[in-house]
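Engineer: predicted model, plus sequence, below.
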Amino acid sequence: ETGVTQSPTHLIKTRGQQVTLRCSSQSGHNTVSWYQQALGQGPQFIFQYYREEENGRGNFPPRFSGLQFPNYSSELNVNALELDDSALYLCASSLRSGASGGELFFGEGSRLTVL
Amino acid sequence: DAKTTQPNSMESNEEEPVHLPCNHSTISGTDYIHWYRQLPSQGPEYVIHGLTSNVNNRMASLAIAEDRKSSTLILHRATLRDAAVYYCILRERGYSGAGSYQLTFGKGTKLSVIP
C-alpha cells in the first residue's frame, strides 16, 4: 500500500507566475484535501475534493483552484503568484466516512518559494 | 469555528510520560477531538481521536474531561522520535454534510524530548 505522494518537493517561482502541484492519494482513498502551511504556523485548509467535485473550501481566493481525477489523484493550481504564497503545500487523502471523520493521511508536502 | 488552546511548548525527559493539555471550551456536542503531530520536515500524522470516552491506541491515550471542555494527550514513555509539534483539533462537519470535513489547525504544542 503506497502512501500519499506529492510532487515536486521543492520549487521556486516569481511573482505573477502560475504553479501546479500534484498529489497521488493513498490507495483506495476517495477524498483529497489541500493545506497551506506558512513557516511557524499550523496548516490552513484550502479545499477538499470528493469524487472529482469540490465539497469544502477555506478562506482562499479564487486564484487557488484544484482538480481531482477519476483515479482520485489531485492537482492544486495557483495563479498570479504573490510573495505570501510562499509556503509548504500539503495534500491529505482519506476515505469518506461517518461523523467521526476518518483519519487523514498527509504527504510530505511541496515547498513553494515565490521571489 | 470551534477553537482550541494549547501551550506553545513543553519539555519532557526521555522515557518519562508526557501529558499534553488542550482546552476547547466552545466545543459542540457533535465535535470530535482529534490529535495530529508533525515531525520536522514531514506532513502531519494522525495520532488519536475521541468523542466522550477515553481512548487508547498503540501511539497514545486520550483523556477527555467529563464536560468535554478539555482533553489531554498522554504519551506513556516519550522517545526522541516523539519530538514534534502536536495539534489538538476539533473535527467540524463541513457545509456539505458527511465527508466534508476540514481540520482547523492552531499553532500546536512543540514537544522537546531531552535524552
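Structural biologist: Happy to help now that I have it.
Engineer: remind me which residues of the chain are low pLDDT?
Structural biologist: Assuming you mean chain A. A:1-2, A:96-102 (pLDDT under 70).
Engineer: the intended chain is chain B.
Structural biologist: Residues of chain B meeting the criterion pLDDT under 70: B:1-2, B:93-101.
Engineer: strands along that one, start to end?
Structural biologist: B:9-13, B:18-23, B:32-38, B:45-50, B:55-56, B:61-64, B:70-75, B:84-93, B:101-102, B:109-114 (DSSP state E).
Engineer: one more: chain A?
Structural biologist: Ranges of strands in chain A, per DSSP E, are A:5-7, A:10-13, A:19-24, A:31-37, A:44-50, A:53-57, A:64-68, A:74-78, A:87-94, A:105-106, A:110-114.
Engineer: who touches the fourth one?
Structural biologist: Translated: strand A:31-37. For strand A:31-37, the external contacting residues (C-beta atoms under 8 Å, 6 or more residues apart in numbering or on different chains) are A:23, A:25, A:43-50, A:56, A:60, A:66, A:68, A:72-74, A:76, A:87-96, A:104, A:106, A:109, B:99, B:102-103, B:105. Any C-beta I mention is one placed from the backbone N, CA and C, and that applies to glycine too.
Engineer: make CSV out of the strands of chain A and add mean neighbour count.
Structural biologist: CSV is the format used below for those (neighbours: other C-beta atoms under 10 Å in any protein chain shown):
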stretch, mean neighbour count
strand A:5-7, 16
strand A:10-13, 13
strand A:19-24, 20
strand A:31-37, 25
strand A:44-50, 22
strand A:53-57, 16
strand A:64-68, 18
strand A:74-78, 21
strand A:87-94, 25
strand A:105-106, 22
strand A:110-114, 18
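Engineer: in TSV: those strands, plus distance to B:S28.
Structural biologist: Formatted as TSV, the entries for the strands of chain A read as follows, by distance: least, C-beta to C-beta, whole Å:
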stretch	distance to B:S28
strand A:5-7	33
strand A:10-13	40
strand A:19-24	31
strand A:31-37	21
strand A:44-50	18
strand A:53-57	18
strand A:64-68	28
strand A:74-78	30
strand A:87-94	21
strand A:105-106	25
strand A:110-114	34
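Engineer: so for B:L73, which of the ones you listed sits nearest?
Structural biologist: Judged by C-beta to C-beta, the one of the strands of chain A that comes nearest to B:L73 is strand A:105-106, at 18.1 Å.
Engineer: pairing partners for the closest one, with directions?
Structural biologist: Next to strand A:105-106 in the sheet, as set by DSSP bridges, lie strand A:87-94 (antiparallel).
Engineer: quick one, what contacts residue 113?
Structural biologist: Picked chain A for this. Contact criterion C-beta under 8 Å, 6+ apart gives A:H10, A:L11, A:I12, A:K13, A:S86 as the residues in contact with A:T113.
Engineer: to clarify, I was referring to chain B.
Structural biologist: Per C-beta under 8 Å, 6+ apart, neighbours of B:V113: B:E11, B:S12, B:N13, B:E14, B:A78, B:T79, B:L80, B:D82, B:A83.
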